[in-house]
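Participant: predicted model follows, preceded by the sequence.
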Amino acid sequence: MMKKLIGVLAVGLFCMAAAAQTSYNLDVPYVAPGSITIDGQLNEADWSLAGTLVFGATGLAGGFDNENNYGMGGNAADNDDPVQTFRLLHDGTGKIYVSMESDDESIQCYTNDPAYWWHRTDSDGLGFFTVLYKDSSPAAYAEITLTFWPYLGASGELSEVTPSAGFLANTPRGSVWDWSFLPGNNTPNNPADTDTGYIIEFVIDIADFNYTSTDTDITVGIKTTDKDGLPLDEEWWWPNSWAWVYQWSTGNYAADYTVDHLLLQPASEVNSWSEY
């Protein structure tokens, strides 16, 4: 049984229960090459067969409880606790397809102050998807970041999903990554309305991380943040607002964060889940 770790940071105090570091497997089913189009839309039937991780503060689904989820901030009343669903597929040629769907009711991002450029990973969206380079010594990681960024002004102007840093930083939208809003009203950085959420979709080629197309065990890590409340451009640690942070695995990047495994399944295997 996977362990849930919930820590709370309130009124400047942070408390997190300790949990032993454990690594987990996620079986990633095969789909035929060309089956998935990177367009920010999950309209291919094959996504229903995907290996699935569900991040959320209160639930478990798809065989997985969050290994690490915790709230932080000074105003828990602003917490909307979205469900974030990750789906993963591979096509046998070394390409892994990843989607993130979030029903976030208040899409927000961090400040645009250049002094805090690294806060992009704590904006709403995919804070990072890390991949361990095969046989790297010392261990080296690639970080894929796709978040609502940048924050464009004090009045809460629209921001969009942007690969502001990391592995896809110079890759144009619509090539190997894309995104879309879920149907309904969505106005990022406007806490006065209720949003419906968004989809983020991307593909990686494991050859970029020194794996070959015959490798079937890929070491990864995932982290997302859901920031809610006012002021919109508040700096860490959000004394007047609230955030949920979701991770697959315990530990802190990079020393022991990326310890979990994607197991790429052959075409003959059915979708399942397991743990070490």
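Facilitator: Okay, I see it.

Participant: test my guess that Leu53 contacts Phe86.
Facilitator: Yes: between Leu53 and Phe86 there is a contact under Cβ atoms under 8 Å: 4.3 Å. In short, each C-beta sits where N, CA and C put it, glycine included.

Participant: just for the stretch 151-276 of the chain, where's the confidence low?
Facilitator: Applying pLDDT under 70 to the stretch 151-276 of the chain flags the ranges 152-158, 233, 235-237, 249-257, 269-276.

Participant: rerun that using 50 as the cut-off
Facilitator: Along the stretch 151-276 of the chain, the parts satisfying pLDDT under 50 run over 253-255, 270-276.

Participant: which residues do Leu53 and Phe86 both contact?
Facilitator: Taking Cβ atoms under 8 Å, 6 or more residues apart in numbering as the criterion, Leu53 and Phe86 both touch Ile222.

Participant: Ser213 contacts Gly92, correct?
Facilitator: Yes: at 7.2 Å, Ser213 counts as touching Gly92 under the criterion of Cβ under 8 Å.

Participant: which helix or strand contains the residue most central in space within the chain?
Facilitator: With distances taken as Cα atoms, centre = their mean, the chain has Leu126 as the residue nearest its mean C-alpha position (3.5 Å). Using DSSP states H and E, Leu126 maps to strand 125-132.

Participant: other residues contacting that strand?
Facilitator: Counting by Cβ under 8 Å, 6+ apart, 98, 100, 102, 109, 121, 139-149, 161, 166-167, 198, 200, 202, 204, 206, 209, 218-225, 245, 253-254, 257-258 sit against strand 125-132.

Participant: neighbouring strands of that strand in the sheet, and parallel or not?
Facilitator: strand 141-148 (antiparallel), strand 217-229 (antiparallel) (DSSP bridges).

Participant: now do that strand, average pLDDT.
Facilitator: Averaging pLDDT along strand 125-132 yields 92.

Participant: and it, what's buried?
Facilitator: Of the residues in strand 125-132, 125-132 count as buried by neighbour count, 16 or more other Cβ atoms under 10 Å.

Participant: low-confidence ranges, the stretch 1-150 of the chain, go.
Facilitator: In the stretch 1-150 of the chain, residues with pLDDT under 50: 1-21, 59-66.

Participant: how about the strands in it?
Facilitator: 7-10, 13-16, 24-28, 51-55, 60-61, 64-65, 68-73, 84-90, 95-102, 125-132, 141-148 (DSSP state E, counting those that start in this stretch).

Participant: can I get those in a markdown table including distance to Phe181?
Facilitator: Below are the strands of the stretch 1-150 of the chain laid out as a markdown table (distance: least, Cβ to Cβ, whole Å):
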| stretch | distance to Phe181 |
| --- | --- |
| strand 7-10 | 30 |
| strand 13-16 | 33 |
| strand 24-28 | 27 |
| strand 51-55 | 19 |
| strand 60-61 | 23 |
| strand 64-65 | 26 |
| strand 68-73 | 24 |
| strand 84-90 | 15 |
| strand 95-102 | 11 |
| strand 125-132 | 12 |
| strand 141-148 | 11 |
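
Participant: most tightly surrounded among these?
Facilitator: strand 125-132 (a mean of 25; mean count of other Cβ atoms under 10 Å).
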